[in-house]
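# Predicted model and sequence follow; I will ask about them next.
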Amino acid sequence: MTMMCVLPPSRPVSLTARADAELRIKDALERDISDSNQGSILEDQEYQLIVDCNALSVDIDNEITIVHNFIRDKYKLKHPVLESRVHHPIDYARVVQKIGNEMDLTLVDFKGILPSADIMWITMAESTTSGEPLSEENLAKTIEACDRALNLDSTKKKILDFLERRIVHVAPNLTAIVGSAVASKLLGTAGGLEALAKMPACNVLLLGAKKKNLSGFSTATVQFRVGYLQQTEIFQSTPPSLRPQASRLIAAKSTLAARIDSIRGDRTGKAGQSLFEEIGDGLGKGYGLLGQAGSGKLRVSTGERKLISKNSKRFKAKNYGSSGSRSGLASSLAFTPIQGMELLNPFTDASELPGSYHMAARRASSILCRRLLTRPAAASLAGDSALAGADGARALLPGTLLHGRHRFSTAPAAVTGAAPNDEPIQPSVEIKHTQLLINGNFVDAASGKTFSTLDPRTGEAIARVAEGDAEDINRAVAAARRAFDEGPWPRMSAYDRCRVLLRFADLIEAHAEEIAALETWDSGKPLEQAAGAEVPMVARFVRYYAGWADKIHGLVVPADGPHHAQVLHEPIGVAGQIIPWNFPLLMFAWKVAPALACGNTVVLKTAEQTPLSALYVASLLHEAGVPEGVLNVVSGFGPTAGAALCSHMDVDKLAFTGSTGTGKIILELAARSNLKPVTLELGGKSPFVVMDDADVDQAVELAHHAVFFNQGQCCCAGSRTFVHERVYDEFVDKSKARALNRVVGDPFRKGVEQGPQIDGEQFKKILQYVKSGVDTGATLVAGGDRVGDKGFYVHPTDEMKIAQEEIFGPVQTILKFRGVEEVIRRANATPYGLAAGVFTRSLDVANTMARALRAGTVWINCYDVFDAAIPFGGFKMSGVGREKGPYGLRNYLQTKSVVTPIRDAAWL
Amino acid sequence: MAGANRSSEKHEGFEVPKVDVKFTKLFINGQFVDAVSGKTFETRDPRTGEVIARIAEGDKADIDLAVKAAREAFDNGPWPRMSGYERGRILHRFADIVEQHVEELAALDTMDAGKLFQVGKLFDVPSSVQLLRYFAGAADKVHGATLKMSQRMQGYTLKEPVGVVGHIVPWNYPTTMFFFKVGPGLAAGCTVVIKPAEQTPLSALFCAHLAKEAGVPDGVLNVVPGFGATAGAAIASHMDIDKVSFTGSTEVGRLVMEAAAKSNLKPVSLELGGKSPVIVFDDADVDMAVNLANMATFTNKGEICVAGTRIYVQEGIYDTFVKKAAEVAKRSVVGDPFNPHVHQGPQVDKDQYEKILKYIDMGKREGATLVAGGKPCGNKGYYVEPTIFTDVKDDMVIAQDEIFGPVMALMKFKTVEEAIQKANNTRYGLAAGIVTKNIDIANTVSRSIRAGAIWINCYFAFEPDAPLGGYKMSGFGKDMGMDSLDKYLQTKTVVTPLYNSPWL
């Protein structure tokens, strides 16, 4: 716990930056603001300042977090449970300041600092827990830290105030509708005006929305989402019955206003004002006509026809599209650029935009980068941990400005580690298939909608992919049903099915290079891994199950009486399969190969992050001669396409690989619909146990791969490394060295071991976990922060933390243990049970552990061995059923007992 | 009479594919080599009795060399140390290459064994390819078991390749038999020394060449043509062969087993002769039953171990059946097997031809009634007419001995019990056919007959996944199916004490 002993330095460097910013703010206030209508908004000094301020406020936030950690770690001795009730750093600082070393809390007046319920709780808790007063010196330092936190907070407030006041200058039309406070929050969260302007209204509606945990004994865990737009005056003054409609209207109008602002359309704010009035009109008219609002009224064109087509072409070519969240909920409504462009101010010369836009963007980024280089204040405060940038979501940052299409507001330019420099390597593969594969044809989604699939290296769109939803699932299931009920596939001989699959495997090998490149492009995994291991494994799986097709045996069973009884294994029917993004192709093979070998037909939903490789290989399967309708691939999102598949009454079987949370939903949907059997392969928090007799070097290397393989995005990642105390120190040192040696970078580059995380959501989640690890007292010995200024690269991280949750990222937690029994108990103390690794030279320990660990796979002196014939699946909440090997066939076979009397049987 | 339709001497209306005989030497350790003795023997075309080629004649010295190569390949070579998947991939390639040479292989077998070319091309050789693919897919599906030990023990079984395997195959289905043996042997990870029949060495040598092309390592597959008394005996009694698998006559099977017992007690599997019954019940569709029975007897000119040569017909339809069976037999066209209109080619060689005619003569003398055929035909080659005897008694020689020719013995029965009793009245137990629409009869009879394969309302229903092998003196051990892999695997049980296991 080295970091806990480090005292805050007397003057964090960032204070200089803060002072500097304050100076400029003052400056700007004194200056007469000239409203320049020339060029892009990005060249506007005023706008620059606002951007800087916003970034600064994020920095301040980070610093507050670090100071908070410091205070908390010190003050824990005095009041151990305070942090569990008072979460907010500033509240915490205030309370600490107030209490000081006072032991009787009834004497402290918390009024105005905490709600009365919290006051009561804290007072009570104090009487039941044993805290000790702090030493003079520590108390002084803690109080000083509290002062600093409050000081930082007040500076931040000033900056935000300023921002709010100036926002009218940047986004006059938006402010006219939602007011300056909400407008600044929207801009901050969206990642700038440009990003906000490109966001569909439905996503804008969700900005700032938080899932809120209800307190007390309520069984409901989440409240309805309330975003920033719901904080607007116009929303608050709307009668509750009209609020859903109102929020939609406000979102739509705000989006339009933001678009006008983003191209500096109308500096007077009149356009915004009239939009604001339209909301009122719309709501007025909507009275009594609920359900008819949004009938297209918003999409009246006021621009010239000529301009419209121009814009539409330009945007098409640039592949602009819906931005914002990747969550299925948000993206299930698509956005076409032309709808937004129709309301542009016709006087704006849009054709000038691109050139100046990029120049300005570059300048903006260089200014900010320079400033941010002075940022390590946070780092010095927290020992050698550098957490800044982890929570950059609320900043107006050049990352998002520079890359207009960047959908992730989690892309700060806060560069700390070595960046994966240079331009991303251009993959040498053409994207041939982006449509849904239904009944042997590539078709558009019924709705016509599409979504972007992103390059995790840059966050930029690779392609737009048809977005399947319930209607497309219906079509796919109908095709699969027909192919099963009437088509040749289940009726052809097993040998013929086997030959189709063998041809498929040959075709995969023939196209291995393209497939691997596509996989790397879409999922960010190292090309060497995709080409060297995964694509051959896919061919291997397909051949394995091709070989099973003509060897599916039932038993002839001994009957008690004069009966002849035999067991037939028949294909189960239409199989619905949902696969994750971490191993798109392998999961395709795990699911599709056994299902097809048994004679089933399949509807497969790929992960929305990685739809490309499945479509490619599915076309190869058709080339190999699979009849139409036998394999249908629907790209889309979980809540729409996935849910439709799970609750479909005509799907006979479900197989899912993904998170435990989603697995539960899937099982529930299956139960609520037609009780279809479900195979689940879910999350894990697998232990990797290193005994004191193990070869430490080998164990370090394998433990390293067990957790960092595939960017840590493996369900069976050995993410809890238990190391015997006798080799612990050596192990940690060597693990640290190994982790620091890990080559993180562009997955297309040779020698790169680790690419980017799959997307912004994962990326952010991982960094939050790292932060929480440090917060709860773990020592961060390597990594812990972002790599590079683009994409989602994370340093491999080694830390000690008793973790229960699946992080799904390159985070290794190293824990110390003393004895076999202890480690068995601790290794099993998890809701998961997917896999385990044991490192020992002792035969007896190996045997004992192999039996005692409650996990679906135990690897002894090895890890991640995935032969086609070795069954894989989870104990406990890691899943239901097994895949691979002969066990994998069972998922796709029905069992039918056929019994008939036998007269004068010669034997029984 | 049937003779009117014969066209054995003319090549009108059909083409004889030109096939060069490329491989006539022994295939040992990846090389085609002459016999140590330098001797050769003739292989003849049964259509004409003329010599096709002279083949290197392997004997004990050559078998020793072949075993040495196979031993080396097993003990130190890559084959048993490859993963099942890799072996499977090589066998898949082997199957692909064989598939590209279907016509050549079929032609070689037609020239060498008098088999119908069309059937070979469309059925026999493609089935061999299918069989090879089946075992290619089985190579990575050899499973041991973890055991339920009743003490504090951890136990499991390993299935390990048995080692060097000796194969001796017959001449009636040269290509098919080659893959019956080599497919599972190679899939299991064994190395092989195979002796094809001296009558039909050509296709096996050709296949050896294809195996090498597919990437089967040197020494893994060795083909030594030669005679049973020399090369065959050397295999059966070799001290360094770990397993011998033989398909052929019951008499020779006995010798093979004896030699194995006298040498190193190597395990033996034998697929021997048969005198399989086909039982036709009153409720059967007579035309269907007649066609089935004729197919069962006359397919491949009766040279097939599972041939259904004892036809039992229930009395209600007996007379109709006899009449129709004779008609079908007489319509059968005997002639050049390359002619696509021909139903039946020549017997494999002069010995067989003479043996069959002797049995026909014996049938006549024993008092059976000849209703069709009974004579040789053509003035060249070894052609015999499809022959049907009625009024056959169970104890007549033609009802007891395997004739291995186109000779059917037709018999009458009254009840189900009688049919079962008669059908089981044989020293063989390879296969049986049942023709009935009644599910109870089908079930009862199929359980009651002591034979390794029961075909109900069908016959010769061979499938790669369906094991085939005999009861009684028809041998033991199965070919085809996953059962046949077991022949080439040893089971090793591994046990170790277990401490502190949370469950047992």
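That came in fine, so what should we check first? A quick note: this is a predicted structure, and the numbers were derived from the prediction, not measured. Numbering: from 1, shown residues only, chains lettered A, B, ... in the order given.
# Show the contacting residues for the nearest residue to B:Glu104 once chain neighbours are set aside.
By the measure of CB to CB, 6 or more residues apart in numbering or on different chains, the closest residue to B:Glu104 outside its immediate chain neighbours is B:Val19, 5.6 Å from it. All C-beta spots, glycine's among them, are computed from the backbone N, C-alpha and C. B:Val19 sits next to B:104, B:107-108, B:111 when contact means CB atoms under 8 Å, 6 or more residues apart in numbering or on different chains.
# just B:Lys472 next, same as before
Each residue near B:Lys472 by CB under 8 Å, 6+ apart is listed here: B:426-429, B:450.
# Residue of the stretch 401-550 of chain A closest to chain B, please.
A:Gly547 (2.4 Å; CB to the nearest CB).
# Okay, now the unreliable bits of the chain?
Defaulting to chain A. Low-confidence segments of chain A (pLDDT under 70): A:1-48, A:51, A:117, A:124-130, A:209-226, A:240-241, A:282-422, A:776-777, A:785-804.
# my bad, the chain I had in mind was chain B
B:1-12.
# Grab the most central residue of it for me.
For chain B, B:Met177 is the residue whose C-alpha lies nearest the centre (CA atoms, centre = their mean; 5.0 Å).
# tell me the secondary structure for it?
Following DSSP: H, G, I helix; E, B strand; the rest coil, B:Met177 is assigned to helix.
# list the contacts for it?
Each residue near B:Met177 by CB under 8 Å, 6+ apart is listed here: B:169-170, B:247.
# mind listing which of the contacts of B:Val19 are in strands?
Cross-referencing the contacts of B:Val19 against strands under DSSP state E gives no overlap.
# Name the residues of the stretch 51-200 of chain B found near chain A, please.
Residues of the stretch 51-200 of chain B lying near chain A by CB under 8 Å from any CB of the partner chain: B:85, B:88-89, B:92, B:130, B:133-134, B:136-141, B:143, B:154.
# so which of those residues comes closest to chain A?
The shortest approach to chain A among those belongs to B:Gly137, at 2.4 Å (CB to the nearest CB).
# you'd agree the closest one is up against A:Val542?
No - the criterion here is CB atoms under 8 Å, and B:Gly137 misses it with A:Val542 at 11.5 Å.
# Compare these two (neighbour count), which wins?
A count of neighbours by other CB atoms under 10 Å in any protein chain shown puts A:Val542 above the other of B:Gly137 and A:Val542, at 31 against 28.
# What's the local residue count around A:Arg826?
16.
# ok, it touching A:Lys816?
No - counting by CB under 8 Å, A:Lys816 is not a contact partner of A:Arg826; they are 10.2 Å apart.
# Now for the two: what residues contact both?
A:Phe722.
# and B:Cys40, how many neighbours?
Just so we're on the same page, residue B:40 is Thr rather than Cys. 16.
# so A:Phe763 makes contact with A:Gln757?
Yes - look at A:Phe763 against A:Gln757 with CB under 8 Å: they come within range, at 4.5 Å.
# and A:Pro571, what are its bridge partners?
A:Leu893 (DSSP bridges).
# So A:Ala868 versus chain B, what's the distance?
According to CB to the nearest CB, to the nearest Å, A:Ala868 and chain B sit 7 Å apart.
# Isn't that residue up against A:Tyr887?
No - counting by CB under 8 Å, A:Ala868 sits too far from A:Tyr887 to count as a contact (11.6 Å).
# which one of these two has more residues nearby?
A direct count of neighbours by other CB under 10 Å for A:Ala868 and A:Tyr887 places A:Ala868 higher, at 24 against 16.
# quick one, what contacts B:Thr309?
B:275-276, B:296-297, B:302, B:402-403, B:407-409.
# swap in A:Val477?
Taking CB under 8 Å, 6+ apart as the contact definition, A:Val477 lies against A:574, A:576, A:603, A:632, A:645, A:648, A:650-651.
# same thing but 6 Å
Residues counted as contacts of A:Val477 (CB atoms under 6 Å, 6 or more residues apart in numbering or on different chains) are A:603, A:648, A:650-651.
# Ok, B:Met257 next?
B:Met257 touches B:Val268, counting by CB under 6 Å, 6+ apart.
# tell me the secondary structure for it?
Under the three-state scheme (three-state DSSP), the conformation of B:Met257 reads as helix.
# how close does it get to chain A?
Here the criterion is CB to the nearest CB. By it, B:Met257 lies 27 Å from chain A.
# Out of the contacts of B:Lys472, list just those in helices.
Per DSSP state H, helices hold no members of the contacts of B:Lys472.
# related to what we said a few turns ago, can I have the buried ones of the residues of the stretch 51-200 of chain B next to chain A as a PyMOL selection?
Command for PyMOL, covering only those of these found buried under the criterion 16 or more other CB atoms under 10 Å in any protein chain shown:
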select buried, chain B and resi 85+88+89+92+130+133+134+136+137+138+139+140+141+154
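# for A:Gln711, what are its contacts?
Applying CB under 6 Å, 6+ apart to A:Gln711 gives the contacts A:754, A:757, A:810.
# What does the residue lying farthest from the centre of chain A show for phi and psi?
No residue in chain A sits farther from the centre than A:Asp904, which is 66.9 Å out by CA atoms, centre = their mean. Note on A:Asp904: its backbone torsions stand at phi 50, psi 50 [degrees, to the nearest 10].
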